[in-house]
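**Q** need a 3D model of the following:
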Amino acid sequence: MRLGVNIDHIATIRQARMTYEPDPVKGALIAQDAGADQITFHLREDRRHIQDEDVFRLRCTIKRIPLNMEMAPTEEMKKIAVEVKPERVTLVPEKREEITTEGGLDVVSMKDFLKDFVSELKSKGIDVALFIDPDADQIDASVYVGVDAVELHTGEYANAETEKRKMEELDRIKKASVYAKEKNLKVFAGHGLTYTNVQPVAAVPEIEELNIGHSIIANSVFWGLDEAVRKMKRLITQARTKL
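**A** Presented below is the predicted three-dimensional model:
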């Protein structure tokens, strides 16, 4: 299983003081050397963390592993993506007032718009994934849109307040993963995953990639980023070897 390390919150710390450190590009290099399989970043419309300059520096610096650019499906972001050419674009919903992404993209309600949007990105040689809730209707709409993959939103699982609710959400993720795979989509997952809840999701056979940011960056304060990435990678590997 691949681990995509999201570096957004390195930039969040930097932007808190509007200074030059910590540098998210340096963090990306450390994550790469620690065993990350991909660097993920979200260029938001409000530029609350990652900045345009970071994106272009990442493209010039990270060569051994892919870049995954999370972005809202807007013309501004499409123009930047076409110029930067990350290996993958993941389209996500975005609200200016939210603290973090609150749910999956509603592909059903915007599938005709997204079909053209995705087609243009793919014509430039960029793989495209959609960040969606683990729902069959959203998966069917994703097939219609023509994407390569879906990333299942694991936030409801991660935030479940009872064990019963957590298991219900995990079951929902498992069923959606099987269904998406049957539809010939690659299956990824992410959002809210931590060192204590990641293994059940990592053990889902159909999921081939997890994208994790906040927990890794938060714990790097205590362990260092290199060790924080390595620990997460070990947990994921352990979960997969039990299959």
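
**Q** name the residues that touch stretch 5-23?
**A** Contacts to stretch 5-23, defined as Cβ atoms under 8 Å, 6 or more residues apart in numbering, come from residues 24, 27-28, 31, 36, 38-42, 48-51, 54, 70, 190, 211-214, 216-218, 229. Every residue, glycine included, has its C-beta placed from N, CA and C.

**Q** same question, stretch 232-242
**A** Contact with stretch 232-242 is made by 1, 3, 34-36, 195, 198-200, 202-203, 210, 212, 215-216, as judged by Cβ under 8 Å, 6+ apart.

**Q** in helices only, show me the residues you listed.
**A** Ala34, Val198, Gln199, Pro200, Ala202, Ser215, Ile216 (DSSP state H).

**Q** the most centrally placed residue in the chain pairs with what?
**A** With distances taken as Cα atoms, centre = their mean, the chain has Asn211 as the residue nearest its mean C-alpha position (4.3 Å). Per DSSP bridges, the residues bridged to Asn211 are Gly4, Gly190.

**Q** related to what we said a few turns ago, any of the contacts of stretch 232-242 buried? List them.
**A** Buried subset of the contacts of stretch 232-242 (neighbour count, 16 or more other Cβ atoms under 10 Å): 1, 3, 34-36, 195, 198, 200, 202-203, 210, 212, 215-216.

**Q** show me the two of these that sit farthest apart.
**A** Greatest spacing in the buried ones among the contacts of stretch 232-242, by Cβ to Cβ: Ala34 and Pro200 (23.4 Å).

**Q** returning to what we had before: isn't the residue nearest to the centre of the chain right up against Glu151?
**A** Yes - the criterion here is Cβ atoms under 8 Å, and Asn211 meets it with Glu151 at 6.7 Å.

**Q** which residues are in contact with both of the two?
**A** What both Asn211 and Glu151 touch, as defined by Cβ under 8 Å, 6+ apart, is the set Thr90, Phe188, Ala189, Gly190.

**Q** widest-spaced pair of these?
**A** For the shared contacts of Asn211 and Glu151, the farthest-apart pair by Cβ to Cβ is Thr90 and Ala189; their separation is 11.7 Å.

**Q** for those two, indicate the residue with more neighbours.
**A** Ala189 (28 against 25; other Cβ atoms under 10 Å).

**Q** quick check: that one vs Leu170, distance?
**A** Distance from Ala189 to Leu170, counting by Cβ to Cβ, to the nearest Å: 11 Å.

**Q** overlap in contacts of the two?
**A** Residues touching both Ala189 and Leu170 comprise Val201, with contact defined as Cβ under 8 Å, 6+ apart.

**Q** picking up where we left off before, now render the buried ones among the contacts of stretch 232-242 as CSV, adding pLDDT.
**A** Compiled in CSV, these are given as follows (pLDDT from 0 to 100):
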residue, pLDDT
Met1, 95
Leu3, 98
Ala34, 98
Gly35, 98
Ala36, 98
Tyr195, 98
Val198, 98
Pro200, 98
Ala202, 98
Ala203, 97
Leu210, 98
Ile212, 98
Ser215, 98
Ile216, 98
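
**Q** thank you kindly, that will do.
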